[in-house]
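Asks: quick one, structure for this:
(2 chains)
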Amino acid sequence: DIQMTQSPSSLSASIGDRVTVTCRASQSIGPYLNWYQQKPGKAPKLLIYGASSLQSGVPPRFSGSGSGTDFTLTISTLQPEDFATYYCQQTYSSPLGFGGGTKVEIK
Amino acid sequence: QITLKESGPTLVKATQTLTLTCTFSGFSLSTSGVGVGWIRQPPGKALEWLALIYWDDDKRYSPSLKTRLTITKDTSKNQVVLTMTNMDPVDTATYFCAHSRVLRYPPPEMVWFDPWGQGTLVTVSS
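Replies: The predicted structure follows:
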């Protein structure tokens, strides 16, 4: 199985900050990487698919980059509604595994 | 607008079989490139992908759970059913179904899940 490792596991940030979340795959997965946002008690929401394609309706302050084993989710200017847990998911091979999550909290 | 909703028992006993139904609207599971997947999340833990069924009835299962899972679709009812046998307390989780898009070419296929249902919490008692 391909292991997905996210870092950090949590971070504190202020409104307006630029935030970066990293996801590393245990082997090369090309661009087969999705990012999701999950708020407490809610279902995950797709932000980015194919490593860098912004899902329709998602604000452009979210962006994804990377290929191979190293990927990044960036929030350019953190907004109050962005405080949540973020998960990466590889879809290169089965099982379609998720990372452990990164919780973005208010500083 | 695409919506999905999970239904099934909230409590099952160990060794029993769990049957969950995903009822959806806003899309057809006979449309090329469309699928429905199941994902679960134990309380306070990360997400775990379980299974995926495509418009052409092709199916994918998590290898670690493959012997316990069956996914089927009823296109006329707009439903997807997941069964999981031999339930254990460690299977206690919120179970989500999600609409999926898939691009098969060039291989390997590219898949993403959006939107998701609200989820249903299933507790397994010993």
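Asks: every contact and neighbour count from this point should use C-alpha atoms.
Replies: OK.
Asks: near chain A, which residues of chain B?
Replies: Counting by Cα under 8 Å from any Cα of the partner chain, the residues of chain B lying close to chain A are B:45-50, B:60-63, B:96, B:108-119.
Asks: return the members of these classed as buried.
Replies: Buried subset of the residues of chain B next to chain A (neighbour count, 16 or more other Cα atoms under 10 Å in any protein chain shown): B:47-50, B:60-62, B:96, B:110-119.
Asks: what's across from the nearest residue to residue B:10 once chain neighbours are set aside in the sheet?
Replies: For residue B:10, the nearest residue in space outside its immediate sequence neighbours is residue B:122; the separation is 4.5 Å by Cα to Cα, 6 or more residues apart in numbering or on different chains. Note on residue B:122: beta-bridge partners residue B:93, judged by DSSP bridges.
Asks: residues contacting residue B:122?
Replies: Contacts were defined as Cα atoms under 8 Å, 6 or more residues apart in numbering or on different chains; by that measure residue B:122 touches B:9-12, B:92-95.
Asks: just want the most central residue of chain A.
Replies: Nearest to the mean C-alpha position of chain A, by Cα atoms, centre = their mean, lies residue A:35 at 4.0 Å.
Asks: quick one: that residue is in a strand?
Replies: Yes - with the criterion set as DSSP: H, G, I helix; E, B strand; the rest coil, the secondary structure at residue A:35 is a strand.
Asks: how close does the closest residue to it other than its chain neighbours sit to residue A:45?
Replies: Of all residues beyond its chain neighbours, the one nearest residue A:35 is residue A:88 (4.5 Å), with distances taken as Cα to Cα, 6+ apart. Noted for residue A:88: a distance of 11 Å to residue A:45, by Cα to Cα, to the nearest Å.
Asks: between those two, who's got more neighbours?
Replies: Shown here are residue A:88 and residue A:45; by other Cα atoms under 10 Å in any protein chain shown, residue A:88 has more neighbours (32 against 19).
Asks: doesn't the more buried one lie inside a strand?
Replies: Yes - with three-state DSSP as the criterion, residue A:88 is part of a strand.
Asks: how about it, what does it touch?
Replies: A:4, A:6, A:23, A:33-36, A:98-99, A:101.
Asks: now residue A:106
Replies: Contacts here follow Cα under 8 Å, 6+ apart; on that basis residue A:106 touches A:12-15, A:83.
Asks: in ChimeraX, how would I select just the buried ones from these?
Replies: Here is the ChimeraX command that selects the buried residues among these (16+ other Cα under 10 Å):
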select /A:14,83
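Asks: please report how far residue A:53 lies from chain B.
Replies: Applying Cα to the nearest Cα, to the nearest Å, the value for residue A:53 to chain B is 11 Å.
Asks: which residues of chain A lie near chain B?
Replies: Looking at chain B, the residues of chain A close enough under Cα under 8 Å from any Cα are A:32, A:34, A:42-46, A:49-50, A:91-101.
Asks: just the buried members of these?
Replies: Under a neighbour-count criterion of 16+ other Cα under 10 Å, the subset of these counted as buried comprises A:32, A:34, A:43-46, A:49-50, A:91-92, A:94-101.
Asks: out of the residues you listed, list just those in helices.
Replies: When those are checked against helices using DSSP state H, none is located there.
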